[in-house]
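Student: Predicted coordinates and the sequence they were generated for:
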Amino acid sequence: NAGVTQTPKFRILKIGQSMTLQCTQDMNHNYMYWYRQDPGMGLKLIYYSVGAGITDKGEVPNGYNVSRSTTEDFPLRLELAAPSQTSVYFCASSPWKDTQYFGPGTRLTVL
Amino acid sequence: DQQVKQNSPSLSVQEGRISILNCDYTNSMFDYFLWYKKYPAEGPTFLISISSIKDKNEDGRFTVFLNKSAKHLSLHIVPSQPGDSAVYFCAASSRQGGSEKLVFGKGTKLTVNP
């Protein structure tokens, strides 16, 4: 029972590089979310999706892009990495508009 | 403007005693509240929730109390155990408002001393 999986666990990027953070869930949840957590701060919503083919911006979407071609996958794309994007990224899924289930996170450092 | 506030960054209690974590919110449209627990290097895990139609919800050692008039909720852990040491996040949503999103507080780090 994998739940929500995220890859990679850790990554170091140079300024200006791009990468994709992968998120997969096996619970057939319609709703998926991407958050970032900075030290001493709560979780801030980057993007979310209410179903395949439907995405919307959250609180802090600048510098990121998402796609949702399948129910299972919700990748987060960073096109031009900046030091301000150094953070821990969490993906979550939910069967409806309530309890969200989180992945283990990806720790990203941009130097 | 923080809609969900956890004003205590940290809390330390002795094993066996009660832990009380507090959360305040400002948005009167919030009608569903959750608590998540987070260990280092792991994702948050759901702990307990409460709907605004209730004022208390209990699950084993964990009880959440909701005071709608004060826009305040609290999580009680009795008795506290060293394994409860973690960061606890309060979150809120507006189900009636049709929101798919949760708004999180900044978290309170709980340390339970043996």
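Tutor: All right, it came through fine. Numbers count the residues shown, from 1 in each chain, chains lettered A, B, ... in the order given.
Student: quick one: secondary structure of residue B:40?
Tutor: For residue B:40, the assignment made with DSSP: H, G, I helix; E, B strand; the rest coil gives coil.
Student: if I pick the nearest residue to residue A:73 once chain neighbours are set aside, what's in contact with it?
Tutor: Using Cβ to Cβ, 6 or more residues apart in numbering or on different chains and skipping residues adjacent in sequence, the residue nearest residue A:73 is residue A:24, 5.3 Å away. Quick note: C-beta positions are derived from backbone N, CA and C, even for glycine. Neighbouring residues of residue A:24 by Cβ atoms under 8 Å, 6 or more residues apart in numbering or on different chains: A:2, A:4-5, A:72-74.
Student: Chain B: which of those is nearest?
Tutor: Among these, residue A:4 lies closest to chain B (Cβ to the nearest Cβ), at 7.4 Å.
Student: pLDDT at the closest one, what is it?
Tutor: pLDDT, residue A:4: 97.
Student: and the nearest residue to residue A:57 once chain neighbours are set aside, how many neighbours?
Tutor: Leaving aside its sequence neighbours, residue A:57 sits nearest to residue A:47 (Cβ to Cβ, 6+ apart; 6.1 Å). Residues contacting residue A:47 under the criterion other Cβ atoms under 10 Å in any protein chain shown number 23.
Student: Kindly report the same for residue A:60.
Tutor: 17.
Student: Could you check which helix or strand contains it?
Tutor: Assigned by DSSP states H and E, residue A:60 falls within no helix or strand.
Student: ok, it - contacts?
Tutor: Applying Cβ under 8 Å, 6+ apart, the residues contacting residue A:60 are A:36, A:44-46.
Student: May I ask which two of those residues are separated the most?
Tutor: A:36 and A:45 (8.6 Å; Cβ to Cβ).
Student: what's across from the residue in chain A positioned nearest to chain B in the sheet?
Tutor: Of all residues in chain A, the one sitting closest to chain B is residue A:102 (3.5 Å; Cβ to the nearest Cβ). Using DSSP bridges, the bridge partners assigned to residue A:102 are residue A:92.
Student: wait, it sits on residue B:37?
Tutor: No. Contact status for residue A:102 versus residue B:37: not in contact, 10.8 Å apart, counting by Cβ atoms under 8 Å.
Student: Spit out the residues that contact the two alike.
Tutor: Contacts common to residue A:102 and residue B:37, judged by Cβ under 8 Å, 6+ apart, are B:44-45.
Student: Surely residue B:92 and residue B:26 touch.
Tutor: No. With contacts counted by Cβ under 8 Å, residue B:92 stays clear of residue B:26, the gap being 9.8 Å.
Student: partners of the helix or strand containing residue B:76 in the sheet?
Tutor: Following DSSP H and E, the helix or strand that holds residue B:76 is strand B:72-77. Take DSSP bridges as the rule and strand B:72-77 pairs in its sheet with strand B:19-25 (antiparallel), strand B:62-67 (antiparallel).
Student: Mean neighbour count and mean pLDDT added to those, as JSON lines?
Tutor: Shown next, in JSON lines, are these (neighbours: other Cβ atoms under 10 Å in any protein chain shown; pLDDT from 0 to 100):
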{"stretch": "strand B:19-25", "mean neighbour count": "21", "mean pLDDT": "98"}
{"stretch": "strand B:62-67", "mean neighbour count": "18", "mean pLDDT": "98"}
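Student: could you dump the ones you listed to TSV with distance to residue B:112?
Tutor: Formatted as TSV, the strands paired with strand B:72-77 follow (distance: least, Cβ to Cβ, whole Å):
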stretch	distance to residue B:112
strand B:19-25	7
strand B:62-67	13
